[in-house]
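A.B. asks: sequence and predicted model, in that order:
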Amino acid sequence: MNNEIVASLPFIEGRGGFFCRGCLGRNLFSGLDLGELPIANELLKSSEGSLEKFPLHLRVCSECGLGQVADVVTPERIFRDYRYLSSMSTTFLQHASDFVNQRVQEGVFSPGDWVLEIASNDGYLLKNFLPFGIMTIGVEPAENVAEISRGLGIHTISEFFSSRLAIELLTKYGYPKLIIANNVMAHVPDLIDFIKGLAILCGAETQISIENPSLANILIGMQFDTIYHEHYSYLSASAVATISKNNGLHLFKVDELSIHGGSNRYWLRSLSDSGLVDPSVGSVVKHERESGLFEASEWKHYSLKVFKILQDFRTWLSESTEKGLKIYGYGAAAKASTILNSINLEEGLITAIADASLEKQDRFMPPHGIKIISPQQLFTEKPTDVVIFPWNIKSEIANYLRANLGEGVRLWCAIPKMHQVEI
Ligand SMILES: [Zn+2]
């Protein structure tokens, strides 16, 4: 086995099988097996060559409802050269600024309070606290990204969050008023230690806000392209409720958000706090059960639908190319990698993929080196058809492409099934 895979699901020799990463339950069933794929955010430096592949098999715990991959690639391998910057999307920037303004308007902060953000990326969210004079600390393991955040004046610690780091922070700064952990729990190999860390830092007045795409939306909305090696776990409200409770925290509210194509914001507080639980918790958990999230047969049916979508996308690409259409992609994100590698895309079906990130331009996307170009180059090359891969911000991208390519260009999205994007 490749030494950069860590079988992070607890495995006990002789007793057979994996244990759930969240609740240590024994009953995991197959959700979707995508075979072996390269790591989604690893890009080729030339059009030749290939990338190492690793298994990508989603399993679901029938006890707590956590989705997870069993064989995970080490965080050091995945995040050593991280190329995703939150500030690349205006939708995310607005979302982050709205969140901060709302918290400040609620009047929860007093002088001396501080805010912790785990996976603070380039400071896209914490920078919004600066004008209010609220002290912030970011935890961001990717050194290249943390540096950008420091440039904005945000105190940023370049480490992976853990119970050990939580004790250090508590000793140095006391309990934070607010802990934000957006789109990070999916990336954590040792989920229980991460939650224990949150519990350590959760004082009587601390609230914890966790945003994460929901497993129910992967199932209902056919969002299987959000399954990639960076994501070890796929949260559901049911799983968050169970895992939190096991570790001294309490899920008291769930906000359903439209960002990322449907995320949940989970609000946690200390288990010893006996405040009211919002009805949203019960209703989201009920909806997850009714959607078949805990049922192996529902996921079997789901897998068949996924393979049909992939097949249809492949057929569309081949037929369009035969007709002489000039097809390009937009957004060399992980979603694109999951889809293109799952269909093992043949050479020549997509001419190039445009991406606004300078970090990605002039690199090549697997499976066989599709060149990543700048949006400006895309506009010069005048494609007839563009496939938008980050469907979660498709309107933002579609408006941008229309403004620069004119009305004639056709815009497409492959999720939840191949369709033309109308603005
Ligand atoms: Zn479980």
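C.D. replies: Received, thanks. Predicted, not measured: the structure shown is a model, and the values here were computed from it.
A.B. asks: right, is the longest strand belonging to the chain up against the ion?
C.D. replies: Ordering each strand of the chain by length in residues (DSSP state E) puts strand 28-38 first. No. Strand 28-38 stays clear of the ion (Cβ under 5 Å from the ion), getting no nearer than 7.7 Å. For glycine as for every other residue, the C-beta is placed from the backbone atoms N, C-alpha and C.
A.B. asks: buried sites along that strand?
C.D. replies: For strand 28-38, a neighbour-count test (16 or more other Cβ atoms under 10 Å) marks Leu28, Gly31, Leu32, Leu34, Leu37, Pro38 as buried.
A.B. asks: turn those into JSON lines, including pLDDT and distance to Ala333.
C.D. replies: Shown next, in JSON lines, are the buried residues of strand 28-38 (pLDDT from 0 to 100; distance: Cβ to Cβ, whole Å):
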{"residue": "Leu28", "pLDDT": "91", "distance to Ala333": "28"}
{"residue": "Gly31", "pLDDT": "96", "distance to Ala333": "22"}
{"residue": "Leu32", "pLDDT": "96", "distance to Ala333": "19"}
{"residue": "Leu34", "pLDDT": "94", "distance to Ala333": "17"}
{"residue": "Leu37", "pLDDT": "91", "distance to Ala333": "14"}
{"residue": "Pro38", "pLDDT": "89", "distance to Ala333": "14"}
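A.B. asks: now flag whichever of those is closest to the ion.
C.D. replies: Closest to the ion out of these is Leu28 (7.7 Å), distances taken as Cβ to the ion.
A.B. asks: which parts of the stretch 1-150 of the chain are strands?
C.D. replies: If DSSP state E, counting those that start in this stretch is used as the criterion, the strands of the stretch 1-150 of the chain fall at 5-7, 28-38, 53-61, 67-69, 71-73, 114-118, 135-139.
A.B. asks: ok, now the stretch 201-350 of the chain?
C.D. replies: Under DSSP E, counting those that start in this stretch, the stretch 201-350 of the chain gives strands at 207-213, 233-234, 249-257, 263-270, 327-330.
A.B. asks: who are the packing partners of the one helix or strand Asn399 maps to?
C.D. replies: If you go by DSSP states H and E, Asn399 is part of helix 394-405. If contacts are counted by 3 or more Cβ pairs under 8 Å, 6 or more residues apart in numbering; DSSP states H and E, helix 394-405 sits against helix 375-381, strand 385-388, strand 410-413.
A.B. asks: one step back: got the buried residues of strand 28-38 as JSON lines, with distance to Lys286 columns?
C.D. replies: Below are the buried residues of strand 28-38 laid out as JSON lines (distance: Cβ to Cβ, whole Å):
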{"residue": "Leu28", "distance to Lys286": "23"}
{"residue": "Gly31", "distance to Lys286": "20"}
{"residue": "Leu32", "distance to Lys286": "24"}
{"residue": "Leu34", "distance to Lys286": "29"}
{"residue": "Leu37", "distance to Lys286": "34"}
{"residue": "Pro38", "distance to Lys286": "38"}
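A.B. asks: surely His231 and Met185 touch.
C.D. replies: No. His231 lies out of contact with Met185 (Cβ atoms under 8 Å); the separation is 9.6 Å.
A.B. asks: picking that back up, out of the strands of the stretch 201-350 of the chain, nearest to the ion?
C.D. replies: Among the strands of the stretch 201-350 of the chain, strand 233-234 comes nearest to the ion, with 9.9 Å by Cβ to the ion.
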